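Trainee: model this:
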Amino acid sequence: MSLQRTMALAATGSAACLFLAAPPSHAAPGDVTTVCASTLTPAGFVDVSWGTSLSCGSGSAPNIKQIKQLTGLAVGTTVNACASTYPPAGWVQTSTYYSSSCRYSVVPSFNPNAWTLKRVS
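Mentor: Numbers count the residues shown, from 1 in each chain. I've put the predicted structure just below:
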């Protein structure tokens, strides 16, 4: 592979990772955004699924996550979320369960790893 092609591929991969790692600055209530797993979930968001993408590196461990903006959703709204982040203020857990889309470890278990959350205030 030529040096130019290698450099172009490296730059493209780096740019994609930077794009995915950027926090969602102007997400509307209920918006879902994909970020690299190394990005901290911002306040007001919850993780809703985990996966693997070459955009955020290689390997078999989940390295991307989808996060959902909960700030601004109406009182009484319910959402399903991964238990990999704490619920934001004003949200409570109404149930706990196992979800294959919330497996964020290389060695997954079948223990409950997801919640149904309800906005109470």
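Trainee: Per-residue pLDDT of Thr12, please?
Mentor: Here, the pLDDT recorded for Thr12 equals 41.
Trainee: Number the chain from 19, please
Mentor: I'll keep to 19 as the first residue from here, and by that count the last item is Thr30.
Trainee: Which SSE is immediately downstream of the lowest-mean-pLDDT helix or strand in the chain?
Mentor: For the chain, counting by mean pLDDT, DSSP states H and E, helix 21-39 ranks last in confidence among helices and strands (a mean of 43). Next helix or strand after helix 21-39 toward the C-terminus (DSSP states H and E): strand 50-54.
Trainee: so what's the nearest residue to Val138 once chain neighbours are set aside up against?
Mentor: The shortest distance from Val138 to any non-neighbouring residue, by Cβ to Cβ, 6 or more residues apart in numbering, is to Val110 (5.4 Å). Any C-beta I mention is one placed from the backbone N, CA and C, and that applies to glycine too. Val110 makes contacts with 135-136, 138, as judged by Cβ atoms under 8 Å, 6 or more residues apart in numbering.
Trainee: need those in JSON lines with distance to Cys54 and neighbour count, can you?
Mentor: Formatted as JSON lines, the contacts of Val110 follow (distance: Cβ to Cβ, whole Å; neighbours: other Cβ atoms under 10 Å):
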{"residue": "Leu135", "distance to Cys54": "24", "neighbour count": "22"}
{"residue": "Lys136", "distance to Cys54": "29", "neighbour count": "17"}
{"residue": "Val138", "distance to Cys54": "31", "neighbour count": "11"}
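Trainee: Quick check: of those, which lies closest to Thr95?
Mentor: Lys136 (7.2 Å; Cβ to Cβ).
Trainee: Touching, that closest one and Ser113? I think so.
Mentor: No: here Lys136 does not reach Ser113: they are 9.5 Å apart, not a contact under Cβ atoms under 8 Å.
Trainee: ok, Gly62 - how many residues close by?
Mentor: 18 (other Cβ atoms under 10 Å).
Trainee: In contact with Gly108, which residues?
Mentor: Contacts of Gly108 (Cβ under 8 Å, 6+ apart): 137-139.
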